[in-house]
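In: sequence and computational prediction follow.
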Amino acid sequence: MERIIIDNAGGITLQLPNWAHFYDHQEGNGIEECASAIVDFVKTSSVANWDGHDEEVAEREPENSDFVVTIDELANLASYEEEEFELWLDQTGDNTLRELCINIRRLIGADK
C-alpha cells in the first residue's frame with residue numbers, strides 16, 4: 001500500500017511497499033524529510049537500501065479524524081497549475097498536508 005496518513009496532531013505516516021516511517025511535523029525537518037522520501041520513491045519506485053523502517057508504523061490504520069492521501073495523488077501535484085494546486089490545498093483544510101505538498105512541488109520543480 002502506498003499512502004500517507006496525516007493525523008490531527010501533525011504526524012505523518014508514510015506507508016510504502018516494504019517500508020514505513022513516521023515523521024513528526026513538530027520535530028526538526030519532518031515535513032521536508034517526508035517530502036524527499038516521497039519524491040525519491042516516485043522517481044525510483046524502490047525503497048531498496050532505505051533505513052528507518054518501522055513495522056508498527058507499517059501496520060497502522062487511519063482513524064476517523066486522519067486525512068489519507070495516496071502517493072499517486074501527491075505525485076500528480078506536479079501537473080497542477082498554480083491556481084488548481086491552491087484550490088486543492090484549500091479543500092483539504094490541513095496545514096500539515098499543505099506544507100508537505102508545497103515541499104513536494106518544490107522538490108519536483110527543482111528536478112526539472
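Out: In hand now; what should we look at?

In: what are the ranges of the strands in this structure?
Out: Counting by DSSP state E, the segments of the chain that form strands are 3-6, 11-16, 19-24, 67-70.

In: what's the least confident stretch among those?
Out: Mean pLDDT is lowest for strand 67-70 out of those, coming in at a mean of 89.

In: buried sites along it?
Out: 67, 69 (16 or more other C-beta atoms under 10 Å). C-beta: built from backbone N, CA, C; applies to glycine.

In: okay if I get the strands of the chain as CSV plus distance to Phe41?
Out: Output for these, formatted as CSV (distance: least, C-beta to C-beta, whole Å):
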stretch, distance to Phe41
strand 3-6, 11
strand 11-16, 6
strand 19-24, 9
strand 67-70, 12
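
In: would you tell me which of those strands gets closest to Thr96?
Out: Smallest distance to Thr96 across the strands of the chain (C-beta to C-beta): 5.1 Å, for strand 3-6.

In: other SSEs contacting the closest one?
Out: On a contact count with 3 or more C-beta pairs under 8 Å, 6 or more residues apart in numbering; DSSP states H and E, strand 3-6 meets strand 11-16, strand 67-70, helix 71-75, helix 95-110.

In: name the stretch among these that sits most buried.
Out: Counting by mean count of other C-beta atoms under 10 Å, strand 11-16 has the highest mean neighbour count of these, with a mean of 22.

In: and that strand, what does it pack against?
Out: Using 3+ C-beta pairs under 8 Å, 6+ apart: strand 11-16 touches strand 3-6, strand 19-24, helix 30-44, helix 55-58.

In: quick one: the first one to chain centroid distance?
Out: Its chain's average C-alpha position is 6 Å from that of strand 3-6, according to C-alpha atoms, centre = their mean, to the nearest Å.

In: likewise the third one?
Out: Centroid separation between helix 30-44 and its chain, computed with C-alpha atoms, centre = their mean, is 7 Å.

In: and what of the last one?
Out: Here the centre of helix 55-58 is set off from its chain's centre by 16 Å, with C-alpha atoms, centre = their mean.
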